[in-house]
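Asks: show me how the following folds:
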Amino acid sequence: MTLKPSQIHQILTRKREEFTAFNREVWEHLQQYRSALKVLSAQGESEVQQLLSQCAGTTGARLLESLALAKQGVISSGLVWQNKEQSLAWVRDRLTGIRTFAVDGSQIYPGKDLSIPIALVQIGWFENPHLPTGGYEKDIALDVMTPIDLQAGNSGEPVDRRVNMRRFEMETQRLVKYIQDHAYAEDCLVFLDGSLVATFAQVFDAESRQFYVRCLLDLLRSSEKYRVPLVAYIDTSYAQDLAVMLRTLYDLPPSDTIHDAQLLNKMMAWGDRTPLFLCERLGILDQYEEQHDRIAFTYLKTTRDNYPARIEMPIWMFEEGITDRIMDWVRGEVIIGGGYPYVIETADQTAVLQANDRQVFFQILQDWAEAEEINLRFSRKMVSKVRRR
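Replies: Sure, this is the predicted structure:
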């Protein structure tokens, strides 16, 4: 049966006060945190650093860049154009000849249509040299995962997780290879679509956590060793590193609902960013070995209406003094992409597996299994679909 809008409306009306109370509490906490951010910005940098040094243990974040250029925790970009042509001219001035590179992935999970678990993982990448003559590189790589790869039946571990892990491994390995192939290049920027801090993996078993950490450590170490700039782009971030820092410094009430992007949004115009901070998040970073205190982050306003994006990078880029240049390259990609980095968007389009790709995969699999006399049974529903196509 279809939904009954009248019942939904009645329930929402009955529970209106619960929503109102929640919003009221969030709003009150948000004002307290924003007031603390104003206090932080008004204090001298030496005073802030002294306060942070007096805090025992991790503080969520520590200031790397000076507060001198920041107002209410935000560094203004000063970028205002009269029309789109002016903004694109600015992009050409910054990005011409700069190679940007990104990787994304897609997958076909094991399902009930096959008698044994089989999965397909595909990654796609895109390199844009930003040359007036055009030209780019766009390609894919894939892997077929067998029951052994999937560890099917191993202590109840979800096979879908094994697929996700393989995809993540392929994506990060391709980024590492690109970095190695462009060692010491000053004209390229590598994008990771996601975070360098694998907090998402904390809910997994120890082996899976270590797997994700190992992939990201390879990426961080490669960027630092070969001096190729790397940025992790998180379009929608619920990280609370700044909120934790403010709570620690100014004894604010704990709040699971206040996140950094929400806290900063009201103070930011397009192109603005926060000073660079060192990430001191409690938990997963303890496993990052020598890289546990080598990840920096900032927030960048990439659209007029949405919350700012979180940008993470290896701290060597700050130490080399290239942060401003790199942030302009990120802004340029966002302008080309209409609010989202064009290079990541194109990598996603390259990698994505459509519904018809699934049917093609099963058709190839069926033909191959018959030719090799492998006992691979398909569901009647799948056989019917493959025949019709």
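Asks: drop to CA atoms for contacts and neighbour counts, all remaining ones
Replies: Will do.
Asks: low-confidence regions, the stretch 151-300 of the chain specifically.
Replies: 152-157 (pLDDT under 70).
Asks: do you have the helices of it handy? List them.
Replies: Applying DSSP state H, counting those that start in this stretch to the stretch 151-300 of the chain gives helices spanning 159-181, 206-226, 241-250, 260-265.
Asks: what about the residue nearest to residue 229 when sequence neighbours are not counted, neighbour count?
Replies: Nearest non-adjacent residue to residue 229, counting by Cα to Cα, 6 or more residues apart in numbering: residue 189, 5.2 Å away. When neighbours are counted by other Cα atoms under 10 Å, residue 189 registers 20.
Asks: and for residue 64?
Replies: 17.
Asks: now do the one 10 residues further on
Replies: Residue 74 sits with 23 neighbouring residues when counted by other Cα under 10 Å.
Asks: in what helix or strand does residue 149 lie?
Replies: Here residue 149, judged by DSSP states H and E, is contained in helix 147-150.
Asks: which elements pack onto that helix?
Replies: helix 159-181 (3 or more Cα pairs under 8 Å, 6 or more residues apart in numbering; DSSP states H and E).
Asks: send me the helix it packs on as CSV with only the CA atoms.
Replies: Once non-C-alpha atoms are left out, helix 159-181 reads as follows in CSV (Å, rounded to 0.1, in the frame of the first residue of the first chain):
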residue,chain,number,x,y,z
VAL,A,159,30.8,-9.7,2.3
ASP,A,160,29.7,-6.2,1.2
ARG,A,161,32.4,-4.7,3.5
ARG,A,162,35.0,-6.7,1.7
VAL,A,163,33.9,-5.2,-1.6
ASN,A,164,34.0,-1.7,-0.1
MET,A,165,37.5,-2.3,1.3
ARG,A,166,38.7,-3.5,-2.1
ARG,A,167,37.3,-0.4,-3.8
PHE,A,168,39.0,1.8,-1.2
GLU,A,169,42.3,0.0,-1.7
MET,A,170,42.1,0.4,-5.5
GLU,A,171,41.2,4.1,-5.3
THR,A,172,44.1,4.9,-2.9
GLN,A,173,46.6,2.7,-4.7
ARG,A,174,45.8,4.6,-8.0
LEU,A,175,46.3,7.9,-6.2
VAL,A,176,49.6,6.7,-4.8
LYS,A,177,50.7,5.6,-8.3
TYR,A,178,49.9,9.0,-9.7
ILE,A,179,51.9,10.7,-7.0
GLN,A,180,54.9,8.4,-7.6
ASP,A,181,54.7,9.0,-11.4
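Asks: so it versus helix 206-226, what angle?
Replies: In terms of direction (axes from the mean of the first three to the mean of the last three Cα atoms, to 10 degrees), helix 159-181 departs from helix 206-226 by 10 degrees.
Asks: so what's the residue count around the residue lying closest to residue 352 once chain neighbours are set aside?
Replies: Leaving aside its sequence neighbours, residue 352 sits nearest to residue 106 (Cα to Cα, 6+ apart; 5.2 Å). Around residue 106 there are 22 other residues, counting by other Cα under 10 Å.
Asks: for the residue nearest to residue 229, give me its contacts.
Replies: By Cα atoms under 8 Å, 6 or more residues apart in numbering, the contact list for residue 189 reads 98-101, 228-231, 326.
Asks: residue 139 now?
Replies: Residue 139 sits next to 124-126, 350 when contact means Cα under 8 Å, 6+ apart.
Asks: still on that earlier bit, in which helix or strand does the residue nearest to residue 352 reside?
Replies: Per DSSP H and E: strand 99-108 holds residue 106.
Asks: for that strand, packing partners?
Replies: Looks like strand 99-108 contacts strand 119-128, helix 159-181, strand 188-193, helix 342-351 (3+ Cα pairs under 8 Å, 6+ apart).
Asks: for the longest one, buried residues please.
Replies: Judged by neighbour count using 16 or more other Cα atoms under 10 Å, the buried positions of helix 159-181 are 159-160, 162-176, 178-180.
Asks: domains of the protein?
Replies: Annotated domains of the chain cover 16-351, 355-388 [automatic domain parsing].
Asks: most tightly packed of those domains?
Replies: With neighbours defined as mean count of other Cα atoms under 10 Å, the domains of the chain peak in mean count at domain 16-351, which reaches a mean of 18.
Asks: where's it relative to the chain centroid, distance-wise?
Replies: Computed by Cα atoms, centre = their mean, to the nearest Å, the chain-centroid distance of domain 16-351 equals 4 Å.
Asks: endpoints of that domain, how far apart?
Replies: End-to-end distance of domain 16-351 (Cα to Cα, to the nearest Å): 43 Å.
Asks: same question, stretch 331-340
Replies: Span of stretch 331-340 from end to end, Cα to Cα: 9 Å.
Asks: what mean pLDDT would you report for it?
Replies: For stretch 331-340, mean pLDDT is 96.
Asks: which residues does it contact?
Replies: 87-88, 90-91, 94-95, 235, 271, 302-303, 341-343, 345.
Asks: and which of the residues you listed is nearest to residue 65?
Replies: Taking Cα to Cα as the measure, residue 65 sits nearest to residue 271 out of those, at 17.5 Å.
Asks: and that closest one, how far from residue 69?
Replies: 15 Å.
Asks: and if you look at residue 124?
Replies: Plainly put, residue 124 is 39 Å away from residue 69 if you go by Cα to Cα.
Asks: for residue 31, same thing?
Replies: From residue 31 over to residue 69 (counting by Cα to Cα), the distance is 23 Å.
Asks: same thing with residue 83?
Replies: 27 Å.
Asks: one more: residue 3?
Replies: 53 Å.
Asks: before we move on, what about residue 251?
Replies: From residue 251 across to residue 69, the span is 26 Å (Cα to Cα).
Asks: likewise residue 130?
Replies: 31 Å.
Asks: just the strands in the protein please.
Replies: Secondary structure of the chain (DSSP state E): strands at 60-63, 70-71, 74-75, 99-108, 119-128, 137-145, 188-193, 230-234, 277-280, 295-300, 309-314.
Asks: next, the angle helix 342-351 makes with the fifth one.
Replies: Angle between the axes of strand 119-128 and helix 342-351 is 140 degrees (criterion: the same axes, to 10 degrees).
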